[in-house]
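Student: Take this sequence and fold it.
(chains A and B)
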Protein chains: 2
Amino acid sequence: MPDIPIISIVGRSGSGKTTLMEKLIPELARRGLRVATVKHDAHGFEADREGKDTWRHRMAGAVCSVISSSKGLAMFRAMDREASLDEIRGMVGDVDLVLTEGYKRESAPKVEVYRKGVGDAPLCAGVPELIALVSDIAVDTGAPRLTFDEMARLADIIEERCRHSGHGAERKG
Amino acid sequence: MPDIPIISIVGRSGSGKTTLMEKLIPELARRGLRVATVKHDAHGFEADREGKDTWRHRMAGAVCSVISSSKGLAMFRAMDREASLDEIRGMVGDVDLVLTEGYKRESAPKVEVYRKGVGDAPLCAGVPELIALVSDIAVDTGAPRLTFDEMARLADIIEERCRHSGHGAERKG
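Tutor: From the prediction side, this is the model:
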């Protein structure tokens, strides 16, 4: 089985990456694609909560702690370094596409979000991995430029990329 | 590679399963065992938090959402049924032992926690999967009985069981 394709949504802080994810994911889901998302937190986070049993297990020395119900599953894992996207791809299970928010330094194909006034120019102008620029102003990067209202067109570009990697094609019909 | 061994800590509600886990895990960790824990939540939980980006991604339709830092990683996954221990074992990665809190109906070897006044008799008396009973009173179940202060002895029994399944032995020295 080919690797699950990874597409990274990149852009400067404040450019609207999470908002774009929120508009793009439903469009992909409507097409039958099972999407996993990955976000990097440079500031260190505490998703697990003090006092919860998963937290108590980890404080006792467990390297990984899972809580499971019929509706969802949460896993907390201690790390001594940042997990690579390859490692994360191995954890996410049965999905058609991994969308990352950030991870601009990894080699995955990229969609950049660029907004007037947030930085002088797009981060990825001329970068070969850039497959689309979503922007509120006209700017040339060598990749197709889309507005924030063109989510169907962005989903087309992403689906085309997934089909190239041989994944998700069977859901296209 | 053989399957990662699973041991289930079972017992009635209020018998002290989480407290036992908190005493047992450090003893296992001291011996160099990498432990993952699993807890079932019958009541439905919301480990992910409203407003967090992982939550926003899932609300948008992502089936799985990961947040990653250099210290830890959290994964939230939507499910339409309870995950089996086999499935969870496939997610926890590089560990020597999976300790579950609960899961008494699955076939993993079991340690029962039994406390005077919490139920008339141990749940697993005579059950072949019972490998130890941790109890504050003398009661015969056919398995070794330990007190709550005998965590080293309990860790011995668990390590012995792990060695049988061919896992974790290289860390024994």
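Student: does chain B sit close to the host helix or strand of A:Ala74?
Tutor: Secondary structure assignment for A:Ala74, by DSSP states H and E: strand A:72-78. Yes. Applying C-beta under 8 Å from any C-beta of the partner chain, one finds strand A:72-78 touching chain B at A:Gly72, A:Leu73, A:Ala74, A:Met75, A:Phe76, A:Arg77, A:Ala78. Where you see a C-beta, it was placed from the backbone N, CA and C, and this is true even at glycine.
Student: now the helices for chain A?
Tutor: For chain A, the helices defined by DSSP state H occupy A:17-30, A:53-59, A:85-91, A:151-164.
Student: helices and strands around the second one, which ones?
Tutor: It stands for helix A:53-59. strand A:64-68, strand A:72-78, helix B:17-30, strand B:35-40 (3 or more C-beta pairs under 8 Å, 6 or more residues apart in numbering or on different chains; DSSP states H and E).
Student: closest to B:Cys64 out of those?
Tutor: The closest of the helices and strands packed on helix A:53-59 to B:Cys64 is strand A:72-78. By C-beta to C-beta, the value is 9.3 Å.
Student: Just the buried residues of the closest one, please?
Tutor: A:Gly72, A:Leu73, A:Ala74, A:Met75, A:Phe76, A:Arg77 (16 or more other C-beta atoms under 10 Å in any protein chain shown).
Student: if you average pLDDT over that strand, what comes out?
Tutor: Across strand A:72-78, pLDDT averages out at 91.
Student: rewinding a little: which helices and strands sit right next to the strand holding A:Ala74?
Tutor: With contacts defined as 3+ C-beta pairs under 8 Å, 6+ apart, strand A:72-78 has these neighbours: helix A:53-59, strand A:64-68, strand B:72-78.
Student: what are the phi and psi values for the residue of chain A most remote from its centre?
Tutor: Most distant from the centre of chain A: A:Ala60, at 31.9 Å, with distances by C-alpha atoms, centre = their mean. When read as degrees, to the nearest 10, the backbone of A:Ala60 gives phi -80, psi -10.
Student: Skipping adjacent residues, who's closest to it in space?
Tutor: In space, and not counting its chain neighbours, A:Ala60 is closest to B:Ile25: 3.9 Å by C-beta to C-beta, 6 or more residues apart in numbering or on different chains.
Student: Do you know the pLDDT at the one you found?
Tutor: So, for B:Ile25, pLDDT stands at 97.
Student: was I right about it contacting B:Val35?
Tutor: Yes. Look at B:Ile25 against B:Val35 with C-beta atoms under 8 Å: they come within range, at 5.5 Å.
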